[in-house]
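Q: build the 3D model from these lines:
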Amino acid sequence: MERTSGPAAGQRNTGPAHPALRHLGAMHLSGVLLLLTFLVPPFWMLDAADTTPPGDPTADSPFILLFAVPAACAMFHVLVQIPAGLLGARPGGNRTAPARYGSALAAAGVLSWLLLRGLGWDAGNGIVPVWADAMVRGSLGLAGYVRFVRSLPGSVRRREG
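A: This is a model prediction of the structure:
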């Protein structure tokens, strides 16, 4: 009896078939994309660095930014971007890529708003510009996340076609 599927039939395994490995790769990709967006520091972070009084020996704003930017990036990635990416790219149903991306963005919007509120930002402190900046930076990484998960072998997109 001749085999019609699998590696013996001339098909080769071209990527990770396990969904957890796809999501792990997508998490790393989205984190790198997010970090690249922080090459241009957020305006609110630069404004905070400029508010230190001149001559203050404890305030070394360029030095602080070297730690603050990666810390903000890591916190946003772990607490907002990864959960939103997992929610947006979760299997189930025949959702299209824009629907998955939209649900990931909606989840990221809520999670980032809650994160900023938890850090003490409120309407009086200008949470909307900070939130919008975080959403623009995070949306690029989420696009990479959803695209990475959907384009690999074994994904829903490949099975349908």
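
Q: pull the longest helix from this structure.
A: In the chain, assigned by DSSP state H, the helix with the most residues is helix 127-151.

Q: ok, residue 87 touching residue 109?
A: No - contact status for residue 87 versus residue 109: not in contact, 11.8 Å apart, counting by Cβ atoms under 8 Å. Yep, even glycine has a C-beta here, placed from its N, CA and C like the rest.

Q: wait, what's in contact with residue 84?
A: 104, 105, 107, 108, 111, 138, 142 (Cβ atoms under 8 Å, 6 or more residues apart in numbering).

Q: pLDDT of the longest helix of the chain, averaged?
A: Here helix 127-151 scores 84 as its mean pLDDT.

Q: and it, what other elements does it pack with?
A: Applying 3 or more Cβ pairs under 8 Å, 6 or more residues apart in numbering; DSSP states H and E, we find helix 127-151 packed against helix 19-37, helix 43-50, helix 61-76, helix 82-88, helix 97-118, helix 156-160.

Q: these: which one's closest to residue 149?
A: Distances from residue 149 to each of the helices and strands packed on helix 127-151 were compared using Cβ to Cβ; the minimum, 4.9 Å, belongs to helix 19-37.

Q: about what we covered before: between the contacts of residue 84, which sits nearest residue 64?
A: Relative to residue 64, and with distances defined as Cβ to Cβ, the nearest of the contacts of residue 84 is residue 138, at 22.6 Å.
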